[in-house]
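S.K.: quick one: sequence plus predicted model below, questions after.
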Amino acid sequence: MLTADQQDALRELANVGMGRAGAMIAKILDRFVRLSIPKVSIVERAEVGNNIAQLMGDGSVSAVRQAFHSRVRGEAICIYRGQRYDDLAEMMGYDEALDEAAQVELLLDMTGVLVGACMGSIARQLESKIGFSPPSLVARDVPISALTRLEGIPWDWALLLEVSFELEERTFACHILMVIPDTEIHALSEALTRVLEGL
């Protein structure tokens, strides 16, 4: 488990990283980005569904996951509220009306932008290189209740880092869960200790 000081350090790294990511995304999309304060929690696998429900509230969502590997391995899961795809497509520079396949591609593209900016910024603060797997669709336009578990991630409990993005004067909103499994907590603890020792 992380100590209180390590959790505080992680929140601060995330806060700085998300701020840089928000500025990058705002420049790409030419829109002001509102960010939540990052939240760090330790959860068991069975608690993830309730965690997502509390975070998102009611309504339909789509979800995309993307693994990252650095000093610490984990997955970022981007959860999008029911979107006006045309609105999002316009911001991302798509010129034509979107069919179903293009809507999925749009979510994958947006996830790549968000996760790359967020995790890349955190990795730089940890002085670590980072790589990513291609993003993959978990669910599309489903009720919140359908996201009750995350298949294919072998962990019993995990550290969750949560942050939300919203764009001013747009319907777009996204919540990002960074899932760091129990097997990687020791590596994260060592990385955060190096940060604290350097202060």
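M.R.: Looks like it arrived, so ask away.
S.K.: centroid residue for the chain?
M.R.: Relative to the mean C-alpha position of the chain, the nearest C-alpha, by Cα atoms, centre = their mean, is the one of residue 176, at 2.7 Å.
S.K.: and it, helix, strand or coil?
M.R.: At residue 176, secondary structure determined by DSSP: H, G, I helix; E, B strand; the rest coil is strand.
S.K.: need the contact list for it.
M.R.: 76, 77, 78, 79, 114, 115, 118, 162, 163, 164, 165 (Cβ atoms under 8 Å, 6 or more residues apart in numbering). Glycine gets a C-beta too; all of them are placed from N, C-alpha and C.
S.K.: how far away is it from residue 117?
M.R.: Using Cβ to Cβ, to the nearest Å, one obtains 10 Å as the distance from residue 176 to residue 117.
S.K.: which stretches in this structure count as strands?
M.R.: Ranges of strands within the chain are 33-35, 39-44, 60-69, 73-81, 131-132, 136-143, 157-167, 173-181, based on DSSP state E.
S.K.: in CSV: these, plus distance to residue 26.
M.R.: Shown next, in CSV, are the strands of the chain (distance: least, Cβ to Cβ, whole Å):
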stretch, distance to residue 26
strand 33-35, 4
strand 39-44, 22
strand 60-69, 21
strand 73-81, 17
strand 131-132, 22
strand 136-143, 26
strand 157-167, 8
strand 173-181, 14
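S.K.: hang on, isn't residue 139 packed against residue 65?
M.R.: No: taking contacts as Cβ atoms under 8 Å, residue 139 lies outside contact range of residue 65: 9.9 Å.
S.K.: more neighbours: those two, which one.
M.R.: Legend: neighbour count by other Cβ atoms under 10 Å for residue 139 and residue 65, higher for residue 65 (23 against 17).
S.K.: contacts only, for that one.
M.R.: Going by Cβ under 8 Å, 6+ apart, residue 65 touches 75, 76, 77, 78, 135, 136, 138, 150.
S.K.: how about low-confidence regions in the protein?
M.R.: For the chain, the stretches with pLDDT under 70 are 49, 56-57, 82-87, 147-155, 169-171, 199.
S.K.: just the helices in it please.
M.R.: For the chain, the helices identified by DSSP state H occupy 4-29, 48-56, 85-91, 100-125, 185-197, in order along the chain.
S.K.: right, so of those, which gets closest to residue 131?
M.R.: Shortest distance between residue 131 and these, using Cβ to Cβ, is found for helix 100-125: 9.5 Å.
S.K.: list the buried residues in the closest one.
M.R.: Using 16 or more other Cβ atoms under 10 Å as the burial criterion, the residues of helix 100-125 that qualify are 103-123, 125.
S.K.: now do it: distance to the chain's middle.
M.R.: 9 Å (Cα atoms, centre = their mean, to the nearest Å).
S.K.: ok, now stretch 134-141?
M.R.: Mean-position distance between stretch 134-141 and its chain equals 13 Å (Cα atoms, centre = their mean).
S.K.: mind listing residues that contact that stretch?
M.R.: Outside stretch 134-141, the residues that touch it by Cβ under 8 Å, 6+ apart are 60-66, 77-78, 82, 103-104, 107-108, 111-112, 115, 146-147, 150.
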